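[1] Task: produce atomic coordinates for the following.
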Amino acid sequence: MVSEYVYPTLGGVSEHVHFLSRELAARGHDITIVTGNIGDAGEVAEMDRQMFRDNGYRTRRIGKSVPMVSNGSIARLTVGLGIKPQLADAIRGVDVVHAQALASPTLPLLCLRVSTAPVTVGTFHTYFEGSHMAYRVLGRYVRAALDRLDRRIAVSDACIQALSPYFPGDWDVVPNGIDCSLYRPITPEEPRAPGRPRILFVGRFDPRNALGDLLEAAAVLKAEGHDFTVQVIGDGPTRPMYERKARSLGLWDRIEWLGLLNEERPHYYRQADIMAAPCVLASFGVVLLEALASGTPVVAADNVGFRQVIRGDVPGRFVPARDPAQLAVGIAELLVDPAGAAALGLRGRAAVTAEFNWPRVTDQIEDIYREVLASKRGGAVPAVNSRA
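    So this is what the prediction gives:
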């Protein structure tokens, strides 16, 4: 499994890589994640050892992961001397190479060029609107690498919509998943803590996640007399700007800045009364899955990625993107109707458990591995013991 986004980096791709690797390891596959070095070497090495002890997959790190601005977000890029031979060595002799978060010119794309595995597949997590200058400039290089894929997997139709003009071909759609045992509703043994109703925000402080819109909506709610606390899970270089905005709007006593959380995050989801997701650009909606699996109703900005989650039997309240006033209206509807909000939460839990639970999603990924192996080996392949 090759990805630029692996713990301790937080985000939807990191969650996808972790939970898919954990589920595959539990089924008997030998999983190694290849990624870049990041943070304090000693602390990260201990975290990697803990991940192997607790979740069954190894992590191999090469080069150095550095941040870069891309598509309204903070992306990662692994750099360093000898990256290509190090990557080739890391994936030599495996049965499956699975590149995650294509198609930027990063480790996952490079691994396609050096893979000799019987199965090489890639999952695409990105969505963008309009044209993509980098793909127009680097399209030939990227297409040459993608041509080495045995199967292309997109986490949503939105990804295909954005990418297919540059990279036409056949696609499989396999959504992100959710661990419904980790993300679960509150129980009588763990009742909701006393205090003001809690509005939860989860996300990096990227422009597209639009925390500023939620702060402006919170100012409207406060002016209307609603009682609430906004809990913010996330961080980033723009934190001082958002803190200044909260002070200027008179919201400082209504905001809890919780920072970057991982293990504690499920607790905050199930303790929240409402999940607010003002993000304006997404390929999917992992944070929506996490909230809904926790029995927490969602008010979300209307974007094509979030509509891959909130559809059919999956409930949620959409509001126009970049519209703090309407975001406030959506949140207020749930604040004044806690019984209705709780009912939405129960419906959401049932719907995502049926459609997005990680065992179901992993079945689909495993089927793709087996289909490619079978086509190349001329018959059935073992259910377990592959190396990825």
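[2] what number of residues lie near residue 118?
    For residue 118, the neighbour count with other C-beta atoms under 10 Å is 18. No exception for glycine: its C-beta is placed from N, CA and C like everyone else's.
[3] any idea how far it lies from residue 95?
    6 Å (C-beta to C-beta, to the nearest Å).
[4] Pull up the overlap in contacts between the two.
    Both residue 118 and residue 95 are contacted by residue 373, under the criterion C-beta atoms under 8 Å, 6 or more residues apart in numbering.
[5] got any ranges where the stretch 251-388 of the chain has weak pLDDT?
    Residue ranges of the stretch 251-388 of the chain with pLDDT under 70: 379-388.
[6] How about the contacts made by residue 198?
    Counting by C-beta under 8 Å, 6+ apart, the residues that residue 198 touches are 228, 229, 230, 231, 271, 272, 273, 274.
[7] Could you look up the SS state of the fourth one?
    At residue 231, secondary structure determined by DSSP: H, G, I helix; E, B strand; the rest coil is strand.
[8] Give me the distance between it and residue 318.
    Distance, residue 231 to residue 318, using C-beta to C-beta: 22 Å.
[9] related to what we said a few turns ago, out of the contacts of residue 198, which is nearest to residue 342?
    Nearest to residue 342 out of these is residue 273 (C-beta to C-beta; 8.9 Å).
[10] quick one: the strands in the stretch 151-300 of the chain?
    In the stretch 151-300 of the chain, the segments counted as strands under DSSP state E, counting those that start in this stretch are 151-154, 172-173, 198-202, 229-233, 255-259, 274-277, 298-301.
[11] Among those strands, single out whichever gets nearest to residue 329.
    Nearest of these to residue 329, taken as C-beta to C-beta: strand 298-301 at 9.2 Å.
[12] For residue 334, give me its contacts.
    For residue 334, the contact set (C-beta under 8 Å, 6+ apart) comprises 273, 274, 297, 299, 317, 340, 341, 344.
[13] isn't residue 126 right up against residue 160?
    No. The criterion here is C-beta atoms under 8 Å, and residue 126 misses it with residue 160 at 10.8 Å.
[14] More neighbours: which of the two?
    residue 126 (23 against 19).
[15] What helix or strand is residue 110 located in?
    Assigned by DSSP states H and E, residue 110 falls within helix 107-114.
[16] which residues in the stretch 201-350 of the chain form helices?
    Secondary structure of the stretch 201-350 of the chain (DSSP state H, counting those that start in this stretch): helices at 211-223, 239-248, 265-271, 286-293, 324-335, 338-356.
[17] ignore the last one, the stretch 1-150 of the chain
    Here the stretch 1-150 of the chain has its helices, by DSSP H, counting those that start in this stretch, at 12-26, 41-55, 83-90, 107-114, 133-146.
[18] mind giving me JSON lines with these and columns for mean pLDDT, mean neighbour count and distance to residue 366?
    Below are these laid out as JSON lines (pLDDT from 0 to 100; neighbours: other C-beta atoms under 10 Å; distance: least, C-beta to C-beta, whole Å):
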{"stretch": "helix 12-26", "mean pLDDT": "95", "mean neighbour count": "23", "distance to residue 366": "7"}
{"stretch": "helix 41-55", "mean pLDDT": "97", "mean neighbour count": "13", "distance to residue 366": "17"}
{"stretch": "helix 83-90", "mean pLDDT": "97", "mean neighbour count": "16", "distance to residue 366": "22"}
{"stretch": "helix 107-114", "mean pLDDT": "96", "mean neighbour count": "22", "distance to residue 366": "20"}
{"stretch": "helix 133-146", "mean pLDDT": "78", "mean neighbour count": "14", "distance to residue 366": "22"}
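[19] export these to a markdown table and tack on distance to residue 309?
    Formatted as a markdown table, the helices of the stretch 1-150 of the chain follow (distance: least, C-beta to C-beta, whole Å):
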| stretch | distance to residue 309 |
| --- | --- |
| helix 12-26 | 11 |
| helix 41-55 | 25 |
| helix 83-90 | 33 |
| helix 107-114 | 24 |
| helix 133-146 | 26 |
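[20] Among these, which comes closest to residue 303?
    helix 12-26 (13.7 Å).
[21] got a list of contacts for the closest one?
    1, 3-7, 31, 33, 51, 55-57, 100-101, 123, 125, 155, 176-179, 284, 286-287, 358-359, 361-362, 365-366, 388.
[22] CA atoms only: put that helix into CSV for me.
    Below are the C-alpha coordinates for helix 12-26, written out as CSV (Å, rounded to 0.1, in the frame of the first residue of the first chain):
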residue,chain,number,x,y,z
GLY,A,12,-9.7,11.2,4.7
VAL,A,13,-7.0,9.4,2.8
SER,A,14,-5.0,8.5,5.9
GLU,A,15,-8.2,7.1,7.4
HIS,A,16,-8.9,5.1,4.3
VAL,A,17,-5.3,3.7,4.2
HIS,A,18,-5.4,2.7,7.9
PHE,A,19,-8.7,1.0,8.0
LEU,A,20,-8.3,-0.8,4.7
SER,A,21,-4.9,-2.0,5.7
ARG,A,22,-6.2,-3.1,9.1
GLU,A,23,-9.1,-5.0,7.6
LEU,A,24,-6.9,-6.7,5.0
ALA,A,25,-4.4,-7.7,7.7
ALA,A,26,-7.1,-9.2,9.8
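[23] angle of that helix against helix 286-293?
    Angle between the axes of helix 12-26 and helix 286-293 is 60 degrees (criterion: axes from the mean of the first three to the mean of the last three C-alpha atoms, to 10 degrees).
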